[in-house]
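Asker: what's the 3D shape of this:
(one chain, ligands or ions: 2)
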Amino acid sequence: MRRISILGATGSIGQSTIDLIARDPGAYAVVALTGGANITQLAADARRLGAQVAVTARDDLLEDLRAALAGSGVAVAAGRAALLEAAARPADWVMSCIVGAAGLEPGLAALQQGNVLALANKETLVCAGPLIMAEARARGATILPVDSEHSAIFQALLGEDISSVESVTLTASGGAFRDWPLADLARATPEQAATHPNWDMGQRITIDSASMFNKALEMIEARELFGLPPDRIDAVIHPESLVHALVTHVDGGTIAHLGAPDMRHAIGYALNWPDRAPLPVPRLDLAAAGALTFRAPDLARFPALRIARAVMARGGLAGAVMNAAKETALDAFLARRIGFTAMADTVSRVLDVAEAESGLIDAPFSLDNVLRADRFARKTARDDVASASRDNTGR
Ligand code: NAD
Ligand code: MG
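Answerer: Ligands and ions are numbered 1, 2, ... in the order given. Sure, this is the predicted structure:
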């Protein structure tokens, strides 16, 4: 039996992962399931799958979790230290699908056991790519991308030499505001931003798709994962979300990966790797799709992509700064303190402030330095949001 842990089990990716493993319960021994506030879901899954331990990141919900799992034989724990302890428990395959930079340390703890890390949490590589990739090499651990575009590239690269790759292209649905004029974007609400045309995902990544910060993170993720120079990484708008990524080789041949927009393909691919096994995902029906369309992204409406290019060119801890500023700006947008387009403005200003802070972005890639850059960027972004919202209310 393969020992499996899921960090972020109650979320969208976590639930899709559980959907797959619950179809073949005899094949897996579940070590740890972790979640946040959704104790009912966490407890139900831990009980059903017979997990060794269920952990909520919320200290204040320990007693609720204990009550929900009474008599089940599942151990319970709560809080950040318990989460890291659970992540470090020996397992053969760990799914890292906590949202945000909060997933970095648990993912790193899982990686340090030297087994397979199925990585949905793109922020891990955006914030600490060189550290993570070096740690994987040192421990003999395997990182399998779960982000659909990166799984697509990984699959398109099988049997190929990375040195023959001329470029990779990530596709982007364009999100909720694909066709909105720039003038309307400033007034877009969180509810409007949280609807996705093709994919069913957590709230935060859905809004990041609308701002294209999701694609910005993914370009950096691709750079770290595949070690490609930034000018070989591109993004194209593809509203149908059927082509997930394309790899172009030096001889002009391009290999594309296609499939229905269902994350259980990429999750299941990582689960069955290096083999393939049947998966319960819809099959591609090109005749029904009729047309596959593509267009260049509009950088005026979606400055996140320009920011991603600047961050990749800058290197160092700029990714950690960008991500933390983006997470803080997203919180402010969700709280209706700043408008939709103000998120990118805040991120740009925070990157400028971080640049002026001597030794911050150029600090060596240690966990401490990444966390320091993250904290600095969050504080700077909070200050920026406070002054932006003061300006807006005219005080
Ligand atoms: P989600 O919001 O649905 O779930 C997030 C999970 O993380 C939940 O289990 C939640 O309890 C947990 N969590 C949140 N904050 C936490 C904290 N501070 N400490 C510990 N646990 C915490 O998110 P999702 O859509 O499943 O996305 C998860 C990750 O996968 C993200 O990094 C996202 O970018 C990536 N991803 C998601 C999809 C998708 O289709 N949903 C696709 C590609 C990549
Ligand atoms: Mg993706």
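Asker: ok, and the closest non-adjacent residue to whichever residue of the chain sits closest to ligand 1?
Answerer: The nearest approach of the chain to ligand 1 comes at G11, 1.9 Å away (C-beta to the nearest ligand atom). C-beta here means a position set from N, CA and C on the backbone, and glycine is covered the same way. Of all residues not flanking G11 in the chain, G202 sits nearest, at 5.4 Å (C-beta to C-beta, 6 or more residues apart in numbering).
Asker: I'd guessed the one you found sits against T10; true?
Answerer: No: when contacts are counted by C-beta atoms under 8 Å, G202 is not listed as touching T10 (10.2 Å).
Asker: ok, those two, which is more surrounded?
Answerer: Under the criterion of other C-beta atoms under 10 Å, the comparison of G202 against T10 puts T10 first, with 23 against 17.
Asker: need the nearest residue in space to the more buried one, chain neighbours excluded.
Answerer: In space, and not counting its chain neighbours, T10 is closest to G35: 3.6 Å by C-beta to C-beta, 6+ apart.
Asker: nearest to ligand 2: which residue in this protein?
Answerer: The chain approaches ligand 2 most closely through D147 (4.1 Å), counting by C-beta to the ion.
Asker: that residue against K122, yeah?
Answerer: Yes: assessed by C-beta under 8 Å, D147 is found in contact with K122 at 5.5 Å.
Asker: overlap in contacts, the two.
Answerer: With contacts defined as C-beta atoms under 8 Å, 6 or more residues apart in numbering, the residues shared by D147 and K122 are E218, E221.
Asker: what parts of the stretch 251-395 of the chain come near ligand 1?
Answerer: Proximity of the stretch 251-395 of the chain to ligand 1, by C-beta under 6 Å from any ligand atom, involves residues M263.
Asker: sorry, back to before: check the burial of the residue nearest to T10 by counting its neighbours.
Answerer: 28.
Asker: and it, what pLDDT?
Answerer: G35 carries a pLDDT value of 98.
Asker: name the nearest residue to D251, sequence neighbours excluded.
Answerer: Distance criterion C-beta to C-beta, 6+ apart; nearest residue to D251, sequence neighbours excluded, is S164 at 7.6 Å.
Asker: pLDDT at that neighbour, what is it?
Answerer: S164 is given a pLDDT of 97.
Asker: now it. Its backbone dihedrals?
Answerer: For S164, the backbone dihedrals are phi -90, psi 0 (criterion: degrees, to the nearest 10).
Asker: where does the prediction get shaky in the stretch 101-250 of the chain?
Answerer: For the stretch 101-250 of the chain, no stretch has pLDDT under 70.
Asker: and it, which residues reach ligand 1?
Answerer: Close to ligand 1, as judged by C-beta under 6 Å from any ligand atom, the stretch 101-250 of the chain has residues A102, A120, N121, K122, E123, D147, W199, M201, G202, R204, I205.
Asker: so G8 touches A102, yeah?
Answerer: No: taking contacts as C-beta under 8 Å, G8 lies outside contact range of A102: 9.0 Å.
Asker: what's the burial count for S366?
Answerer: S366 has 11 nearby residues by other C-beta under 10 Å.
Asker: nearest spatial neighbour of it, chain-adjacent residues omitted?
Answerer: Using C-beta to C-beta, 6+ apart, the closest residue to S366 is L131 (7.0 Å).
Asker: can you pull the domain assignment for this structure?
Answerer: When the chain is parsed with automatic domain parsing, its domains come out as 2-145, 151-289, 315-393.
Asker: among the ones you listed, which is the most enclosed?
Answerer: Each of these was scored by mean neighbour count; the highest is domain 2-145, a mean of 21, by mean count of other C-beta atoms under 10 Å.
Asker: related to what we said a few turns ago, which ones are touching the residue nearest to D251?
Answerer: When contacts are counted by C-beta under 8 Å, 6+ apart, S164 touches H249, V250, D251.
Asker: dump these into a markdown table; add distance to S241 and secondary structure as well.
Answerer: Output for these, formatted as a markdown table (distance: C-beta to C-beta, whole Å; DSSP: H, G, I helix; E, B strand; the rest coil):
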| residue | distance to S241 | secondary structure |
| --- | --- | --- |
| H249 | 24 | strand |
| V250 | 28 | coil |
| D251 | 28 | coil |
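Asker: turn the residues you listed into CSV, including distance to L284.
Answerer: CSV is the format used below for those (distance: C-beta to C-beta, whole Å):
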residue, distance to L284
H249, 23
V250, 28
D251, 26
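Asker: just these now: which is nearest G268?
Answerer: Nearest to G268 among the contacts of S164 is H249, at 26.8 Å by C-beta to C-beta.
Asker: so that closest one makes contact with S163?
Answerer: No: applying C-beta under 8 Å as the test, H249 and S163 come out as separate, 10.1 Å apart.
Asker: find the nearest non-adjacent residue to P190, please.
Answerer: Per C-beta to C-beta, 6+ apart, closest to P190 is L334, 5.2 Å.
Asker: backbone dihedrals for the one you found, both of them.
Answerer: phi -60, psi -30.
Asker: so where do the strands sit in the stretch 101-250 of the chain?
Answerer: 116-119, 142-145, 165-172, 233-237, 243-249 (DSSP state E, counting those that start in this stretch).
Asker: the longest one pairs with which strands, and in what direction?
Answerer: Counting by DSSP bridges, the strands paired with strand 165-172 are strand 233-237 (parallel), strand 243-249 (antiparallel).
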